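**Student:** predicted model follows, preceded by the sequence.
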Amino acid sequence: MTDNNSGRATAWLVCLLVAAALYGNYYVYDSVGPVADLLQQQRGFSDTQIGMLNAIYNLPNIVLILVGGVLVDRFGAARMTLWTAALCLAGALLTAFGPDFASMAAGRLLFGIGAETFSIATVVAVADYFGKRDLAFAIGVTLSVGRLGSFSADMSPTWFASSYAAGWQPPLMIAAAFAASSFAVALVYWWIDRAPARERAAQGIVAAKANEGFAWRDMLHFGKAYWYLLGLCVLWYSVMMAFRSTFSIKYFQHAHGLDLATAGEMNSYVFLAAVFATPAFGWLCDRVGRYAPFLAFGALLLPIAMAVMALTQWSLWWSTLLIGVSFSLVPAVMWPLCSKLVRPNRFGTAIGLMWVVQNAGIGGANMLAGWLNSRAGASAQNPAGYDSMMLFFGICSVLGVVCALLLWLTAGRRDQEAATHKA
Ligand SMILES: C[C@H](NC(=O)[C@@H](N)CCCCN)C(=O)O
């Protein structure tokens with residue numbers, strides 16, 4: 001399907017639509033943080049309630065995301081993108097217009113149930129259209145536009161200053177508008193995909209999906225390389241998300257003496273770097289035709305960054321640079337490589353299984369790191385209290401590198417070979 005020019009044009013159109021849909025979705029995901037203070041002041045929400053508005057996103061997905069992956073394989077990426085975008089829109093509307101905390105939390109729950117399966121469907125959509133050629137670049141483009149959505153949400157107090165001046169609700173209504181635009185482009189993608197979907201069915205891909213059904217034991221037949229990739233996914237995302245999204249700003253303030261604004265800015269450069277570097281690394285991998293060595297290199301940068309922060313007084317620019325490259329390189333390579341390790345009709349399931357453990361890992365790492373800090377009394381007066389958290393993140397990231405090296409040894413000698421030994 002993608003060998004002729006019109007096929008390539010359709011593939012890029014789908015890639016751009018999926019990227020635009022992901023932009024809106026990631027914007028909504030990150031829209032609670034900027035209104036946290038207003039929710040506290042104007043609605044009297046406690047820190048625990050605000051934390052719950054984000055935690056409720058991850059918790060159901062520890063189980064549900066596997067079902068989501070199976071549904072993507074069963075019903076196809078286009079239909080699932082559309083259905084889950086509708087669920088996300090309903091969730092965003094309920095969050096913005098809910099009269100009390102319970103309905104806002106219900107809105108975030110609904111959004112979370114839709115959003116993770118939506119993300120799987122977007123990766124599978126790109127893989128459906130790009131096959132082997134330019135896959136990492138195309139996934140890099142979609143992820144980079146998604147990261148721009150996260151960055152925009154962080155910048156929204158500046159960009160939509162008047163809405164923030166009007167209170168907690170207008171910024172969440174803007175987020176709901178982004179969810180609506182995400183649904184609208186998902187609808188266009190679903191419309192465009194009808195003919196190519198028929199073509200895929202004629203080639204037997206969809207037919208295989210529909211007729212084979214799903215057997216849970218199929219997952220046990222994923223090859224060794226897949227399980228190493230899963231190990232890296234859990235360890236790397238746990239450190240990246242728990243450190244960079246939850247603790248890094250506070251750590252920069254207390255252990256490195258930055259003020260809040262500079263610490264926040266330092267953290268946001270990681271997103272900004274990813275916007276440009278993710279597609280660039282994807283493009284490079286496609287050109288060189290190697291994935292596992294790049295993945296191992298990206299994974300290695302994380303423990304080095306942790307060591308630089310914890311053991312030296314070097315400028316934080318160094319660790320931000322290392323984390324920025326790792327945050328761009330690892331996702332740009334991980335998902336295209338995953339698509340090469342399993343059969344196309346099990347790709348959604350394979351990502352779903354990885355994200356079940358990933359969601360549990362991120363939740364667990366957040367709790368354990370918080371507990372380690374509290375136990376050691378980490379604060380501006382006691383920066384050494386952060387040592388145990390940094391050791392924990394250091395160990396996890398080193399174990400991630402071990403998984404990446406085992407993966408390289410197993411599947412990476414010539415990455416293309418992996419495609420011929422799919423589970
Ligand atoms: C593609 C990958 N997505 C995930 O890992 C999701 N489980 C989490 C999405 C969180 C939304 N910002 C990624 O974003 O690297």
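**Tutor:** Everything's here; your move.
**Student:** which residue, other than its chain neighbours, is closest to residue 193?
**Tutor:** residue 78 (3.8 Å; CB to CB, 6 or more residues apart in numbering). For the C-beta atoms, the positions are set from N, CA and C on the backbone; glycine is no exception.
**Student:** for residue 183, see how far away the one you found is.
**Tutor:** Using CB to CB, to the nearest Å, residue 78 is found at 13 Å from residue 183.
**Student:** ditto for residue 197
**Tutor:** 19 Å.
**Student:** say whether the ligand is contacted by the helix or strand containing residue 119.
**Tutor:** Under the criterion of DSSP states H and E, residue 119 resides in helix 101-130. Yes. Counting by CB under 6 Å from any ligand atom, the ligand is contacted by helix 101-130 at 116, 119.
**Student:** buried ones in that helix, by neighbour count?
**Tutor:** 101, 104-130 (16 or more other CB atoms under 10 Å).
**Student:** do stretch 86-106 as well
**Tutor:** Buried-residue list, stretch 86-106, by 16+ other CB under 10 Å: 86-96, 98, 101, 104-106.
**Student:** now, which of those sits nearest the ligand?
**Tutor:** residue 88 (11.3 Å; CB to the nearest ligand atom).
**Student:** for the closest one, give its distance to residue 238.
**Tutor:** 24 Å.
**Student:** what does residue 251 give?
**Tutor:** 16 Å.
**Student:** more neighbours: which of those two?
**Tutor:** residue 238 (27 against 24; other CB atoms under 10 Å).
**Student:** returning to what we had before: output the contacting helices and strands for the helix holding residue 119.
**Tutor:** helix 5-29, helix 47-58, helix 61-75, helix 77-97, helix 135-159, helix 169-202, helix 316-341, helix 347-376 (3 or more CB pairs under 8 Å, 6 or more residues apart in numbering; DSSP states H and E).
**Student:** more crowded one of residue 197 and residue 183?
**Tutor:** residue 183 (22 against 18).
**Student:** list the residues that contact the more buried one.
**Tutor:** 21, 82, 85-86, 88-89 (CB atoms under 8 Å, 6 or more residues apart in numbering).
**Student:** Serialize those residues to CSV and add fields for pLDDT and distance to residue 334.
**Tutor:** Listed next are the contacts of residue 183 as CSV, based on pLDDT from 0 to 100; distance: CB to CB, whole Å:
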residue, pLDDT, distance to residue 334
21, 98, 21
82, 97, 26
85, 98, 24
86, 98, 28
88, 98, 23
89, 98, 28
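**Student:** which of these sits closest to residue 140?
**Tutor:** Residue 140 has its nearest neighbour among the contacts of residue 183 in residue 21, at 16.3 Å by CB to CB.
**Student:** please look at the closest one and residue 179 and confirm they touch.
**Tutor:** No. The pair residue 21 / residue 179 is not scored as a contact, 9.9 Å apart, by CB atoms under 8 Å.
**Student:** anything in contact with each of the two?
**Tutor:** With CB under 8 Å, 6+ apart as the test, residue 21 and residue 179 both reach residue 85.
**Student:** the more surrounded of these two?
**Tutor:** residue 21 (33 against 29).
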